[in-house]
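A.B. asks: What follows is a predicted protein model with its sequence.
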Amino acid sequence: MKKIALLPQIRPKQKRSALLIVSLLSAWVAEAAGVIGSPLRAQAQQTLPFCQSSPQSVAQKNALRQQAVMGDRSAQQQYQNLVASDAQALQQCRAQSWLKTQAVWLRLYECDLQPGVLESVLDRMVSRGYNQVYLEVFYNGQVLLPAAENRTVWPSVVRSPELARRDLLAEAIQKARTRGLKAYAWLFSLNYGYSYGNRADRASALARNGLGKTSLNVVDTTNTEIDISKGDIDKVFVDPYNQQARQDFDYMLQSILQRRPDGALFDYIRYPRQTGAASVANKLSDLWIFSGAAQQTLISRATNTKGQVIIQKYLSQGNVSVGDLAALDRSYPTEKEPLWQGRNVPTIPPGKPLPPAAIRLPRLQQDLWLLSVAHAYQGISDFLNAAVSQSNRQGAVAGAVFFPDGNRRIGQGFDSRMQPWDQFSPAIEWHSMSYGLCGGTSCIVDQVQRVVSQAPAGTRVNPVIAGAWSFPAYNRPSLEMQMNAIHQAVPQVSAISHFDFSWQEPQLANARRVCKPNLIEAAAARPLGLGQ
């Protein structure tokens, strides 16, 4: 298979550049012969696109790491020196680049605790020019905490008894920083996973729609006419208003933050994504506000008795009738209109009767619908704000991960994910998942521009893109093409992350997942380029 050249082709008008390239290649040859940490090494790394290392540098580090793992003390010292030198060169390169932060998302495996494995992964990232890594610490109903110290309701990712006291997260953070990488904790948030959903003592914590369904049973998976791959039927979403669910998450987050990550990124800050017509929430029963806690909180938003009664009736029936409103007027003659937080109605002069129920009903129905939608959105925002506050108290940067179109209004309805990212705090990082598919970069750029245009001034918008280096993959242009297009269209963006490491290094990721040491080292030693 033809390899993709890491250096650009030399054109006639680039003779001066050609001389520089020749000198840099000479420097790499000298480095491979043992000249470690020289000024020419830093210069060479800075001139490559996106701060990537040369193939010679990668090969040298791989060889030293393998020798170090085997116990060669001289190689261990040389390897440590090389890691430190690369960290400094990376910092210098990023300071001179328009892209100040180039990050990658990473799932860790138990096998990463074997000698040299985690190091090979992190070295690979530095070679790609990354200076931040987002470590997946809570996902699929499991948490990246040592089994011997895990007091959360979720099982640990690392479950082998002999590794019960090994702290993979803490080790990853420390080894990342040694290499000049900031390490963030990346957490699923309102998606708590199967292990949580199967607990009888947490059944009341699950989010429910108006049909009494949870995300586990909202879709008939036996219906072959439904494309279930586009939905969230394999995930367990909780009610953001449920105090038990929030306490469970807060305790888990506290345990993660004790490992002192540089930041915490909160993913799945939303409700389930559904399919077909259900992908738009356009009636009350579509909203995930029917668990006990969510309903009680909604009713408590009323500011008079009429408001409480009519909200209860609306929740139980899905609508209210002229007869319902007329009966309400008769039952509470001293009160005027039903009231709740945010509702403004025309003032009725003292002594003047209310207009007939039939006249008032259409607005009441509309106001009840908008109240319910706002209540659903508010649950998401409140949950996020609590997590952000806890992170900030521990000195960790906080960020939210979201879809740019997750907050869309569609006709009279709303995107079923109901992700109010435009209401998120501008003091946190906004990680917008710009995964557009259109055969080029235009839709990806459009998603980034939409977020930037709606973000308050000063908000740190950090787009998340998907793909692979050097060539088109996953129906998307190369990462380089996407980043250059974003920079050209939205030059104020200076931080971009890539989802995820396994998409770029599938062989290495699979070898780590099944724990095949020989395959791991072989994959980590391959040159950066096509098919890696």
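C.D. replies: Ah, there it is.
A.B. asks: how about His431, secondary structure?
C.D. replies: strand (DSSP: H, G, I helix; E, B strand; the rest coil).
A.B. asks: how about the helices of the stretch 201-350 of the chain, start to end?
C.D. replies: 243-257, 292-299, 305-317, 322-331 (DSSP state H, counting those that start in this stretch).
A.B. asks: any idea which helix is longest in the protein?
C.D. replies: Longest helix of the chain, by residue count under DSSP state H: helix 357-393.
A.B. asks: And that one, what does it pack against?
C.D. replies: With contacts defined as 3 or more Cβ pairs under 8 Å, 6 or more residues apart in numbering; DSSP states H and E, the packing partners of helix 357-393 are helix 243-257, strand 263-267, helix 292-299, helix 305-317, helix 322-331, strand 397-402. In this view, the C-beta of every residue, glycine as well, is placed from N, C-alpha and C.
A.B. asks: Run the chain-centre distance for the longest one.
C.D. replies: By that I understand helix 243-257. Its chain's average C-alpha position is 18 Å from that of helix 243-257, according to Cα atoms, centre = their mean, to the nearest Å.
A.B. asks: Show me what that helix is packed up against.
C.D. replies: strand 132-139, strand 142-143, strand 182-188, strand 263-267, helix 357-393.
A.B. asks: Same check on the third one?
C.D. replies: Under the contact criterion of 3+ Cβ pairs under 8 Å, 6+ apart, the helices and strands touching helix 292-299 comprise helix 305-317, helix 357-393.
A.B. asks: How about that helix, which residues are buried there?
C.D. replies: Within helix 292-299, the residues that qualify as buried are 293-295, 297-299, counting by 16 or more other Cβ atoms under 10 Å.
A.B. asks: So which residues make contact with that helix?
C.D. replies: 204, 207, 239-243, 288-289, 308, 311-312, 315, 371-372, 375, 379 (Cβ atoms under 8 Å, 6 or more residues apart in numbering).
A.B. asks: Please repeat the previous calculation with a cut-off of 6 Å.
C.D. replies: The contact list for helix 292-299 (Cβ atoms under 6 Å, 6 or more residues apart in numbering) reads 204, 239, 241-242, 308, 311-312, 315, 375.
A.B. asks: Dump stretch 178-186 to CSV, keeping only the CA atoms.
C.D. replies: What follows is stretch 178-186, C-alpha atoms only, in CSV (Å, rounded to 0.1, in the frame of the first residue of the first chain):
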residue,chain,number,x,y,z
THR,A,178,5.3,13.9,31.8
ARG,A,179,4.9,14.1,28.0
GLY,A,180,3.5,17.6,27.9
LEU,A,181,-0.1,16.4,27.6
LYS,A,182,-2.9,17.9,29.7
ALA,A,183,-5.3,15.2,30.9
TYR,A,184,-9.0,15.7,31.1
ALA,A,185,-11.6,13.3,32.6
TRP,A,186,-14.4,12.6,30.1
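A.B. asks: in it, what counts as buried?
C.D. replies: The neighbour-count check on stretch 178-186 (16+ other Cβ under 10 Å) flags 179-186 as buried.
A.B. asks: mean confidence for that stretch?
C.D. replies: The average pLDDT within stretch 178-186 is 98.
A.B. asks: Check the offset of that stretch from the chain's centre.
C.D. replies: 16 Å.
A.B. asks: So which residue of the protein lies furthest out from the middle?
C.D. replies: Residue farthest from the centre of the chain, counting by Cα atoms, centre = their mean, is Gly351 at 56.4 Å.
A.B. asks: quick one: the strands in this protein?
C.D. replies: Secondary structure of the chain (DSSP state E): strands at 101-107, 132-139, 142-143, 182-188, 263-267, 280-281, 397-402, 409-410, 413-415, 429-432, 460-461, 464-466, 495-499.
A.B. asks: can those strands go into TSV with extra columns for distance to Thr441?
C.D. replies: Below are the strands of the chain laid out as TSV (distance: least, Cβ to Cβ, whole Å):
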stretch	distance to Thr441
strand 101-107	17
strand 132-139	23
strand 142-143	36
strand 182-188	25
strand 263-267	24
strand 280-281	28
strand 397-402	20
strand 409-410	25
strand 413-415	24
strand 429-432	15
strand 460-461	17
strand 464-466	9
strand 495-499	13
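A.B. asks: Tell me which of these lies nearest to Leu216.
C.D. replies: For the strands of the chain, the distance to Leu216 is smallest for strand 182-188, at 15.5 Å, taking Cβ to Cβ.
A.B. asks: Give me the distance from that closest one to the chain's centre.
C.D. replies: Counting by Cα atoms, centre = their mean, strand 182-188 is centred 9 Å from the centre of its parent chain.
A.B. asks: Around Phe215, how many other residues sit close by?
C.D. replies: Not Phe; residue 215 is Ser. Neighbourhood size, Ser215 [other Cβ atoms under 10 Å]: 27.
A.B. asks: Which members of the buried residues of helix 292-299 are the farthest-apart pair?
C.D. replies: Comparing the members of the buried residues of helix 292-299, the greatest separation, given Cβ to Cβ, is between Ala293 and Ile299, at 11.0 Å.
A.B. asks: In stretch 108-119, which residues are buried?
C.D. replies: Result for stretch 108-119 [16+ other Cβ under 10 Å]: buried residues 108-113, 116-119.
A.B. asks: do stretch 149-163 as well
C.D. replies: 150, 152-154, 156-158, 163.
A.B. asks: quick one, what contacts Val493?
C.D. replies: So Val493 contacts Ile486 (Cβ under 6 Å, 6+ apart).
A.B. asks: That one and Trp503: what is the separation?
C.D. replies: Distance, Val493 to Trp503, using Cβ to Cβ, to the nearest Å: 21 Å.
A.B. asks: Wait, Val345 touches Leu339, no?
C.D. replies: No - if you go by Cβ atoms under 6 Å, Val345 and Leu339 don't touch, sitting 7.3 Å apart.
A.B. asks: Just give the number of residues close to Leu82.
C.D. replies: Neighbours around Leu82, by other Cβ under 10 Å: 21.
A.B. asks: next one: Ala63
C.D. replies: Ala63 has 15 neighbouring residues, counting by other Cβ under 10 Å.
A.B. asks: which residues in the stretch 51-200 of the chain form helices?
C.D. replies: 55-69, 73-96, 117-128, 168-178, 194-197.
A.B. asks: List the contacts of the spatially closest residue to Ala87 that is not a sequence neighbour.
C.D. replies: Leaving out its chain neighbours, the residue that sits closest to Ala87 by Cβ to Cβ, 6 or more residues apart in numbering is Gly180, at 3.2 Å. Contact analysis of Gly180 by Cβ under 6 Å, 6+ apart lists 87, 90-91.
A.B. asks: quick one, helices of the stretch 401-532 of the chain?
C.D. replies: Listed in chain order, the helices of the stretch 401-532 of the chain (DSSP H, counting those that start in this stretch) span 442-454, 479-489, 501-504, 506-514, 517-525.
A.B. asks: which of these sits most buried?
C.D. replies: Ranked by mean neighbour count, the helices of the stretch 401-532 of the chain are led by helix 501-504 with a mean of 20 (mean count of other Cβ atoms under 10 Å).
A.B. asks: what's that one in contact with?
C.D. replies: Contacts of helix 501-504 (Cβ under 6 Å, 6+ apart): 104, 106, 468, 509.
A.B. asks: which residues sit in contact with Gln394?
C.D. replies: Leu257.
A.B. asks: Over to the one 5 residues further on?
C.D. replies: When the contact criterion is Cβ under 6 Å, 6+ apart, the partners of Gly399 are 265, 428-429, 431.
A.B. asks: Any idea what it is bridged to?
C.D. replies: Per DSSP bridges, the residues bridged to Gly399 are Leu265, Glu429.
A.B. asks: Need the pLDDT of it.
C.D. replies: Looking at Gly399, its pLDDT reads 98.
A.B. asks: Over to Asn198?
C.D. replies: For Asn198, the predicted pLDDT is 91.
A.B. asks: burial count for it?
C.D. replies: 12.
A.B. asks: Can you convert the buried residues of stretch 108-119 into TSV and add a column each for distance to Leu135 and pLDDT?
C.D. replies: Shown next, in TSV, are the buried residues of stretch 108-119 (distance: Cβ to Cβ, whole Å; pLDDT from 0 to 100):
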residue	distance to Leu135	pLDDT
Leu108	6	98
Tyr109	12	97
Glu110	14	97
Cys111	15	96
Asp112	10	97
Leu113	14	97
Gly116	18	95
Val117	15	96
Leu118	11	97
Glu119	15	97
